[in-house]
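In: sequence plus predicted model, see below.
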Amino acid sequence: MKRVLVVDDEAGMRVAINEALCRKGYEVELAADGSEALSKLPAGFGMVISDVNMPGLCGMELLREVKKVSPHVPVLLITAYGTVQKAVEAVKEGAVDFVLKPFSLESLEETVEKAFRMREGISGFETRGKKMLARAPVMQKVISMALVAAASDATVLVSGESGTGKELLARFIHENSPRRKMPFVAVNCASIPEGLLESELFGHEKGAFTGAHAMRQGRFELADKGTILLDEISEMDMKLQAKLLRVIQEKEVERVGGSSPVPLDIRIIATTNRDMKKEVREGRFREDLFYRLNIFPLTLPPLRERGEEIGFLAEHFIRKFSAKYGRRLEGVSPEAMEHIRRCEWRGNIREMENTLERAVLLAQGMTLELEHLLVSPGPSGRTDEDERLADRNMNDDGANLMTLWEMEKGLITRTLDEVEGNRTQAARILGISVRTLRNKLKEYGQLLPG
């Protein structure tokens, strides 16, 4: 139903929006204030566009009333007095977007079309070949807020447990921002050794330290005019936090060993899997830096809070890996689906994806069965078979106990056997890097040439 209710106390604005949307084939109804809009709502609309500042019932109040009556109807708010904080508040209340005056009618049409696409079920997004599916209301709200963030240059802090898709959301923000054609540079603050991170971020001059044979630009300079993602920012050393704070405040970076700063035009997105307020309270993260990063906070919910999406996500991954490995799977048995729905998925989407990839590899028929899931590794790194064996051994007064080392070795060996020794594929299924797998094989004395 492409019916739109336009609410604005300025007659000229109502007329302009009406003409623009009618040209695009929408059926438009007009209201001069919030009270009149409420009286028209029972007629049924696919979307509401409302000014924020109106006499009587304002746009925010109208938004709340619309959500009470029709929670799934997207509401777009427009205003000449917008701030990032107001935009965040509006989206938290359920607005699909927040547009600042003056705006072009073309951009408004694009926003309206995007809202209708989301309403019609195309929920989520794809970036770099990876999809983030968002059917649950809690996820649709996150995506709506991310779109608001994308339209601004505000620093964004994305929080969430490991495996929820924080980097994917950061890329989505960049690709929907005015900087989309400029670089997107990601830095994992947890994976780079502390002694190298400063040089990696800020660059260095020739001769700045032993081994610095030439000047090298850091990630900040490489991301100039674009977006830099500081992944797992909570792992950054306190001394480096002070330098990062200066970069944000002064919009310039000074290379290690340099004497003159380099100006920057950059958008910063940071992610964390920790409670940052707790990190600040316990002295592990600078309070002033936290507030600089937390201008536009976004939180990705864990998979266990996206209950209605678990089955949908599972079917998506099964289709994906069936096509990838040439399987003929046409469905999931009721027992297998019930198991999928009951799992805790403490590793979130990443754990589910790895588990189902392994299950698809094991499936030989046209249906994915419970037995294919029960040999998949759980959050502990042990298979269900391992768990049963460990439980049995513990009940045998400690006899024949299997060590964690033995279970890990067994899991890695079986996975390599199933993929015919393909280390890259095995590492992906196990959820570890090829380097980690190589180190483990060396530890087990099984490292083969090549």
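Out: Here it is on my side, so go on. Fair warning: this is a prediction, and the values are worked out from it, not measured in the lab.
In: give me the distance between the closest residue to residue 103 other than its chain neighbours and residue 105.
Out: Computed as Cβ to Cβ, 6 or more residues apart in numbering, the closest residue to residue 103 that is not its neighbour in sequence is residue 78, at 7.2 Å. Every residue, glycine included, has its C-beta placed from N, CA and C. Using Cβ to Cβ, to the nearest Å, residue 78 is found at 12 Å from residue 105.
In: who's more crowded, these two?
Out: residue 78 (24 against 14; other Cβ atoms under 10 Å).
In: residue 43 versus that one, what's the distance?
Out: According to Cβ to Cβ, residue 78 and residue 43 sit 22 Å apart.
In: and if you look at residue 372?
Out: When distance is defined by Cβ to Cβ, residue 372 is 51 Å away from residue 43.
In: what's the pLDDT at residue 185?
Out: Predicted confidence (pLDDT) for residue 185: 96.
In: oh, that last question was meant for residue 378, not what I typed.
Out: The model reports residue 378 with a pLDDT of 46.
In: please renumber so the chain begins at 59
Out: Noted, 59 is the first residue going forward, which turns the last one into residue 436.
In: how about the strands in the stretch 209-358 of the chain?
Out: 214-217, 242-246, 285-289, 310-311, 320-321, 325-330, 354-357 (DSSP state E, counting those that start in this stretch).
In: which strands or helices does the third one pack on?
Out: Contact analysis of strand 285-289 by 3 or more Cβ pairs under 8 Å, 6 or more residues apart in numbering; DSSP states H and E lists helix 224-233, strand 242-246, strand 325-330 as its packing neighbours.
In: list the buried ones in the shortest one?
Out: Residues of strand 242-246 classed as buried by neighbour count (16 or more other Cβ atoms under 10 Å): 242-245.
In: same list (those) but as a markdown table, adding distance to residue 90.
Out: Output for those, formatted as a markdown table (distance: Cβ to Cβ, whole Å):
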| residue | distance to residue 90 |
| --- | --- |
| 242 | 44 |
| 243 | 48 |
| 244 | 48 |
| 245 | 51 |
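In: residue 325 reaches residue 287, doesn't it?
Out: No. Here residue 325 lies out of contact with residue 287, judged by Cβ atoms under 8 Å, at a distance of 9.7 Å.
In: any idea which helix or strand comes after the helix-or-strand element of the chain with minimal mean pLDDT?
Out: When each helix and strand of the chain is scored by mean pLDDT, DSSP states H and E, helix 442-453 comes last, with a mean of 44. Next in sequence after helix 442-453, counting helices and strands by DSSP states H and E, comes helix 462-476.
In: packing partners of that following helix?
Out: Under the contact rule (3+ Cβ pairs under 8 Å, 6+ apart), helix 462-476 is packed against helix 406-420, helix 442-453, helix 481-488, helix 492-502.
In: report the angle between it and helix 481-488.
Out: Interaxial angle of helix 462-476 relative to helix 481-488 (axes from the mean of the first three to the mean of the last three Cα atoms, to 10 degrees): 120 degrees.
In: contacts for whatever helix or strand residue 166 lives in, please.
Out: Element membership for residue 166, per DSSP H and E: helix 163-177. With contacts defined as Cβ atoms under 8 Å, 6 or more residues apart in numbering, helix 163-177 is touched by 60, 62, 74-75, 78-79, 82, 84, 104-105, 107, 130-132, 134, 154-155, 157, 198, 201, 205.
In: who's more crowded, residue 430 and residue 101?
Out: residue 430 (23 against 9).
In: list the buried ones in the host helix or strand of the more buried one?
Out: For residue 430, the host element (DSSP H and E) is helix 428-432. Residues of helix 428-432 classed as buried by neighbour count (16+ other Cβ under 10 Å): 428, 430-432.
In: what do you get for stretch 330-343?
Out: Neighbour-count burial for stretch 330-343, with 16+ other Cβ under 10 Å as criterion, is recorded at 330-331, 334, 337-338, 342-343.
In: can you give me how far it is from the chain middle?
Out: Computed by Cα atoms, centre = their mean, to the nearest Å, the chain-centroid distance of stretch 330-343 equals 20 Å.
In: what mean pLDDT does that stretch have?
Out: The average pLDDT for stretch 330-343 rounds to 95.
In: what does it contact?
Out: Contacts of stretch 330-343 (Cβ under 8 Å, 6+ apart): 215-220, 224, 290-292, 296, 299, 344-345, 348, 352.
In: what about 7 Å?
Out: With contact meaning Cβ atoms under 7 Å, 6 or more residues apart in numbering, stretch 330-343 is reached by 217-220, 290-292, 299, 345, 348.
In: among those residues, name the buried ones.
Out: Those of the contacts of stretch 330-343 that meet the buried threshold are 217-219, 290-292, 299, 348, by 16+ other Cβ under 10 Å.
In: what's the farthest-apart pair in these?
Out: Spatial extent of the buried ones among the contacts of stretch 330-343 (Cβ to Cβ) is set by the pair 219 and 299 at 22.7 Å.
In: how is this protein carved up into domains?
Out: According to automatic domain parsing, the chain comprises the domains 61-179, 200-357, 362-434, 445-502.
In: ok, back up a step: can you redo the strands of the stretch 209-358 of the chain as TSV with distance to residue 232?
Out: Formatted as TSV, these follow (distance: least, Cβ to Cβ, whole Å):
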stretch	distance to residue 232
strand 214-217	10
strand 242-246	5
strand 285-289	4
strand 310-311	19
strand 320-321	21
strand 325-330	7
strand 354-357	13
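In: any low-confidence regions in the stretch 109-258 of the chain?
Out: The stretch 109-258 of the chain contains residues with pLDDT under 70 at 140-142, 175-189.
In: show me where it has its helices.
Out: Using DSSP state H, counting those that start in this stretch, the helices of the stretch 109-258 of the chain run over residues 117-127, 142-150, 163-177, 195-209, 224-233, 252-260.
In: using CSV, write out every CA atom in the fourth one.
Out: Read that as helix 195-209. Extracted in CSV, the C-alpha atoms of helix 195-209 (Å, rounded to 0.1, in the frame of the first residue of the first chain):
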residue,chain,number,x,y,z
PRO,A,195,12.2,-5.2,15.0
VAL,A,196,15.2,-4.7,17.3
MET,A,197,17.5,-5.1,14.2
GLN,A,198,15.4,-2.9,12.0
LYS,A,199,15.7,-0.2,14.6
VAL,A,200,19.5,-0.6,14.6
ILE,A,201,19.6,-0.3,10.8
SER,A,202,17.3,2.8,10.9
MET,A,203,19.7,4.4,13.4
ALA,A,204,22.7,3.4,11.3
LEU,A,205,21.2,5.2,8.3
VAL,A,206,20.8,8.4,10.4
ALA,A,207,24.4,8.1,11.5
ALA,A,208,25.5,7.6,7.9
ALA,A,209,24.0,10.9,6.9
